[in-house]
Structure formats: C-alpha cells, structure tokens
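J.: Let's see this in three dimensions:
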Amino acid sequence: MSTDIIDTSDHVNDPPHTPATSAGAPSGAPAPTRTDKLGPGHFRVIALLMASAFTVILNETTMSVALPPIMADLQVTESTGQWLTTAFMLTMAVVIPATGFLINRLGTRGAYLLAMSLFTAGTALAMVAPGFALLVTGRVVQATGTAIMLPLLMTTIMSIVPAHMRGRVMGNVTLVIALAPALGPTLSGIVLEPLGWRGVFGVVLPISVLALTAGILWIRDVSDRETMHLDPLSLLLALVAFGGLVWGLSGLGEAAETAALINPWIPLGVGIAVLGLFVWRQIVRQRTESALLDLRTFLQSNFRLAVVIMAISMMAMFGTMIVLPLVLQNAVGMEPLTVGLLMLPGGVAMGLLGPVVGRWYDRFGPRPIMIPGTAMVTVAIGAFAFLTPTTPLYYILGAHILLMIGLASVFTPLFSAALGVLEPHLYSHGSATISTVQQVAGAAGVALFIAIMTIRRTALEDSGIPTPEAMASGAGLAFGIGALLMAATIGVAAMIKRPESDGEFSGGH
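T.: Modelled structure (predicted):
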C-alpha cells in the first residue's frame with residue numbers, strides 16, 4: 001500500500017472515518033470532520049491486516065501441490081485426502097456468516113487476535129499431526145481463523161478509510177486475494193523438496209506467530225463495539241445451510257464421474273431448504289437488531305447487483321483454476337511445474353494491477369472499469385473453450401493473463417461499490433455476506449465445470465475418441481458455458497452506481 005496516504009500526525013486513537021451524513025444522526029448534530037489522510041496508526045492496522053490476510057490466504061492453495069506426498073506418507077486414498085480441501089471450505093462457509101457478529105461484539109482487536117490465534121494453533125497442530133484425522137482437525141482450526149480475517153480486513157477499511165481513498169486501498173486487497181493464491185502452489189513446491197509436507201506448515205508457523213505478536217502490540221479497536229447476543233438457532237441453521245451447500249456442490253464433480261449423483265444431491269437439497277429457514281430467521285431477528293447476518297444489506301440495489309456479479313465471477317474463476325491445470329496436464333501433456341509457472345504471471349498481473357484499478361475507481365467510478373473487466377473475463381474464458389492438445393503455449397498464457405486482468409478490474413471496484421452504499425453498522429454484515437457468497441459460488445463453479453467436463457469426456461471416450469481429445473472437448477464445453485454465464489454480468493455491471501459518499505471527494509484524487 002502506498003505511503004502517500006499517511007498523515008504527519010499519529011492517529012492511533014482517532015475515531016473511525018464517518019461520511020458527511022449518517023443515517024439516523026440528529027438533525028442538529030455537527031457534521032463529522034472530514035479526514036483527508038490516513039494516520040500512521042490506522043495505516044499500521046491496515047498494513048498488518050493485509051499481511052495477515054496474505055498469510056492465511058496463501059495457506060489455502062499450498063495443499064494442491066502438497067496433497068500427493070501427504071497421501072503417500074499417511075497412507076490415505078485420493079478421495080480421503082481431498083477432505084483436507086473440502087473440510088477447509090466447509091468450515092469457511094459455516095464460520096463466515098458469524099463473522100459480522102464476532103467483529104461487532106469483539107471489536108477489531110479482539111477479532112484479529114482470535115483469528116490469528118486460531119490460525120496459529122491450527123498450523124502448529126497440522127505441522128506435528130501424527131495421523132490424517134489430526135491433520136484435518138488442524139486444517140479446520142486454520143480455516144476458522146481464515147474465515148474471520150478477510151471480512152475483518154474489509155470491514156476495517158470501510159470503517160477508517162476516507163470514502164475518496166477506498167478504491168486505492170481496496171485495490172491492495174485485490175493484490176492480497178490474487179497474489180497469495182498464485183504464490184501458494186509455487187511456495188509449496190519449493191518447500192516440499194527439502195522439508196517435506198510438514199515443512200509447508202513449518203514455514204507458515206513463524207510468520208503467523210510474528211503476526212499474532214504484532215497484533216498484540218499494535219492492533220487497537222478502530223470502530224465501536226456493539227452489545228449483541230448470539231442466536232444459537234441462527235448459528236445451527238447457518239451450519240446446516242452453508243455447510244450442506246458447499247458439501248453437496250463439492251461432491252457433484254466427483255459424482256459426475258462415478259454416476260452416483262444421488263449422494264451429493266442430499267446435502268445440497270438439505271442446504272437449500274435450510275437456507276430458506278436461515279433467511280426467515282434473520283428477517284425475524286433483524287426487528288430486534290440481533291440477526292447473525294443482517295440481510296438489510298440487500299435493500300441496496302448496488303449490493304444486490306454486486307452479489308450477482310461476485311457469484312458468477314467466483315464461479316468462473318474457481319472453475320477455471322481447477323479445470324485448466326487438469327487439461328494442461330492430462331490433455332496438453334504439461335508437467336505440473338510448467339503449469340504452475342504458466343499460471344503465475346496472470347496471478348501476479350492481477351495482484352499488481354489491483355492498486356492501479358483502485359486509483360482508477362477513485363477517479364472514474366465503477367462502471368468504466370467493471371464493464372470492460374467483465375467483457376475481458378468473458379473473452380478469456382471463451383478463448384479457453386477452443387483448447388486442444390496442440391494449442392500453442394503463448395495462446396494459453398495470453399488468455400490466462402487476460403482473465404486475471406479482467407478479474408482485477410471486476411473485484412476491486414466491486415468491493416468498494418457494494419460496501420460503500422451501506423450504513424456503517426452494516427459493513428461487517430456486508431463483508432461477511434460477500435465472503436460467504438465467494439465460498440459457495442467457488443464450490444458451485446468447481447462442481448459445474450468438473451461435472452460438464454466429465455460428462456462430455458465420458459461420452460466421447462465411449463464413442464472411441466482418445467482421452468486427450470475427449471478431455472479437451474469436455475473442458476471446452478465447460479469453458480463455453482462459463483463464458484455465456486459471464487457474458488450476462490456485462491449488462492449487470494452497467495447498472496452499478498457510484499456510492500454517493502464517494503462523489504464529494506472523487507475529483508482530482
């Protein structure tokens with residue numbers, strides 16, 4: 001994050017930035033003082049939150065490379081080993097809806113220390129786990145801390161960053177979200193050779209301990225705490241609803257290959273049914289300001305539209321991230337290291353472009369960035385639909401870089417435009433809602449792409465087509481359908497408006 005936003009005086013205990021007008025403020029109340037700069041105390045908080053978020057998100061993608069040696073060492077099958085990823089996603093989906101309550105109740109400091117303590121404990125447990133059961137337990141504890149961190153980061157930014165600077169600061173969040181997953185497999189591959197799979201956790205552990213120590217010393221509450229009571233029924237409904245959705249969606253791709261489609265549909269159907277009960281419960285609890293996840297965020301059209309774009313974009317991104325490496329290895333014949341290096345430039349480009357897009361958002365607003373961004377993502381996924389076993393390397397590299405640049409142009413303004421229209425007390429609930437949508441939509445994207453590819457590939461193999469050509473054709477169909485879905489977001493992006501709170505300070509920044 002650039003230092004040009006730091007003021008010359010320390011504002012560690014400054015009140016959070018407040019827009020010029022606040023809903024519900026007394027008519028005779030003095031207008032809050034406009035803060036043009038971000039004080040060094042607040043800057044340290046955001047920088048530490050970003051570094052911590054980078055660490056916990058980096059951990060998510062290290063398992064993709066570390067899974068084979070873990071399976072060999074602990075003597076588990078591939079279907080069992082996949083629980084290291086599935087359990088992580090399930091935990092994230094269940095915990096994230098409660099983060100709005102946790103952040104409001106515990107404050108910035110309490111939520112950060114809880115998140116990093118859980119992540120550190122989970123990392124240590126995973127590193128020394130003697131068997132697979134304790135390793136999965138460690139991953140679940142890690143995921144609990146990870147689930148708190150990203151909503152906490154976005155809520156803190158919305159609470160203390162002046163409206164006219166949110167775009168550029170949110171751009172740094174895109175850097176964290178994009179660069180960390182891109183570097184995860186590369187870091188894992190480097191560490192595995194000399195240190196083994198336990199070394200993957202061993203490298204992360206001292207970093208998380210350092211972040212926890214820095215949090216104890218530096219993190220202070222930057223927004224007011226709210227006295228809230230946890231609703232056990234809402235928590236139970238969230239567990240069954242979001243857990244069932246992610247569990248069912250995660251199993252659809254594998255079920256498509258074995259033709260046992262009834263199994264994943266059971267948790268998926270239960271999840272959908274209980275989700276309706278969860279929504280009803282939150283609407284009832286909102287009347288007493290005690291909802292686990294306040295759904296009044298959806299009363300804002302910007303937020304509703306942003307959730308639609310976010311869901312489809314996350315489906316496209318996660319589906320592509322899973323299917324593309326499979327096709328490149330099994331159909332094109334690339335080595336895993338080559339695939340990882342091929343996908344690295346796109347992830348780096350997405351991360352580095354985030355701050356630039358953030359500055360463009362502050363200057364021009366969301367539409368001039370999101371419309372071409374959604375179009376670029378559509379074109380890139382459509383380009384992957386024409387992959388064959390003989391597709392040139394430069395074609396794949398160019399399409400992947402275009403995809404990542406397009407996603408950077410979508411996500412950075414999306415966060416700012418969605419959360420910027422909410423009242424401050426809804427920031428944490430809006431952040432939690434967006435993060436929950438990311439997890440469920442990501443699982444849905446993987447399930448959709450894998451299922452389409454597998455069904456098409458199996459049909460072609462049965463007709464005598466060689467496996468590489470059949471897999472490339474199946475993946476092409478999945479990418480084609482994904483491109484059609486993404487094309488619908490271009491028109492939705494044109495309806496996203498600039499939050500009114502941004503307009504006063506946008507010119508010239």
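
J.: wait, what's in contact with the spatially most central residue of the chain?
T.: Centre of the chain computed as the mean C-alpha position; nearest residue by C-alpha atoms, centre = their mean is Gln438, 5.3 Å away. By C-beta atoms under 8 Å, 6 or more residues apart in numbering, the residues touching Gln438 are Met310, Met314. The C-beta positions use only the backbone N, C-alpha and C, and glycine is treated the same way.

J.: before we move on, which element is it in?
T.: In this assignment (DSSP states H and E), Gln438 forms part of helix 427-462.

J.: Check Thr108 too.
T.: Assigned by DSSP H and E, Thr108 falls in helix 99-128.

J.: what's that helix packed up against?
T.: helix 40-61, helix 132-160, helix 197-218, helix 427-462 (3 or more C-beta pairs under 8 Å, 6 or more residues apart in numbering; DSSP states H and E).

J.: For the stretch 201-350 of the chain, which residues score under the pLDDT cut-off?
T.: Confidence mapping of the stretch 201-350 of the chain against pLDDT under 70 gives the ranges 222-228, 250, 253-262, 336-337.

J.: Which residue ranges of it form helices?
T.: Ranges of helices within the stretch 201-350 of the chain are 232-258, 262-286, 301-330, 336-364, based on DSSP state H, counting those that start in this stretch.

J.: follow-up on the earlier one: in the helix holding Thr108, what's buried?
T.: 99-109, 111-127 (16 or more other C-beta atoms under 10 Å).

J.: Report the mean per-residue pLDDT for it.
T.: Helix 99-128 shows a mean pLDDT of 89.

J.: Now do that helix against helix 427-462, angle only.
T.: If you take axes from the mean of the first three to the mean of the last three C-alpha atoms, to 10 degrees, helix 99-128 sits at 60 degrees to helix 427-462.

J.: Can you report how many residues lie near Pro372?
T.: Number of residues near Pro372 (other C-beta atoms under 10 Å) recorded here: 16.

J.: wait, it sits on Ile405?
T.: No - using C-beta atoms under 8 Å, Pro372 is not in contact with Ile405; the gap is 9.8 Å.

J.: Would you confirm that Gly138 contacts Pro130?
T.: No - using C-beta under 8 Å, Gly138 is not in contact with Pro130, being 11.3 Å away.

J.: who has more neighbours, the two?
T.: Gly138 (21 against 8).

J.: returning to what we had before: what packs against the helix or strand that the helix holding Gln438 is followed by?
T.: For helix 427-462, the succeeding helix or strand toward the C-terminus, using DSSP H and E, is helix 467-493. On a contact count with 3+ C-beta pairs under 8 Å, 6+ apart, helix 467-493 meets helix 301-330, helix 367-384, helix 427-462.

J.: Report the inter-axis angle for the longest one versus helix 467-493.
T.: Comparing the axes of helix 427-462 and helix 467-493 via the same axes, to 10 degrees yields an angle of 150 degrees.

J.: buried residues in helix 427-462?
T.: Result for helix 427-462 [16+ other C-beta under 10 Å]: buried residues 427-457, 460.

J.: what's the answer for the shortest one, then?
T.: The neighbour-count criterion (16+ other C-beta under 10 Å) identifies 367, 369-384 as the buried residues of helix 367-384.

J.: mind checking how far the helix or strand just after that helix is from the chain centre?
T.: Using DSSP H and E, the helix or strand that follows helix 367-384 towards the C-terminus is helix 393-419. Centroid separation for helix 393-419 versus its chain: 14 Å, with C-alpha atoms, centre = their mean, to the nearest Å.

J.: now swap in stretch 442-457 and tell me
T.: Using C-alpha atoms, centre = their mean, the mean C-alpha position of stretch 442-457 is found 20 Å from that of the whole chain.

J.: Restrict that stretch to CA atoms and write it as PDB.
T.: Taking Å, rounded to 0.1, in the frame of the first residue of the first chain, the C-alpha atoms of stretch 442-457 are listed here in PDB:
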ATOM      1  CA  GLY A 442     -16.500 -21.000  -5.700                       C
ATOM      2  CA  ALA A 443     -17.700 -24.500  -4.800                       C
ATOM      3  CA  ALA A 444     -20.500 -24.200  -7.300                       C
ATOM      4  CA  GLY A 445     -18.100 -23.200 -10.100                       C
ATOM      5  CA  VAL A 446     -15.800 -26.100  -9.500                       C
ATOM      6  CA  ALA A 447     -18.800 -28.500  -9.400                       C
ATOM      7  CA  LEU A 448     -20.300 -27.100 -12.600                       C
ATOM      8  CA  PHE A 449     -17.100 -27.100 -14.600                       C
ATOM      9  CA  ILE A 450     -15.900 -30.500 -13.500                       C
ATOM     10  CA  ALA A 451     -19.400 -32.100 -14.000                       C
ATOM     11  CA  ILE A 452     -19.800 -30.700 -17.500                       C
ATOM     12  CA  MET A 453     -16.200 -31.700 -18.500                       C
ATOM     13  CA  THR A 454     -16.600 -35.200 -17.000                       C
ATOM     14  CA  ILE A 455     -19.900 -36.000 -18.600                       C
ATOM     15  CA  ARG A 456     -18.800 -34.700 -22.100                       C
ATOM     16  CA  ARG A 457     -15.400 -36.500 -21.800                       C
END
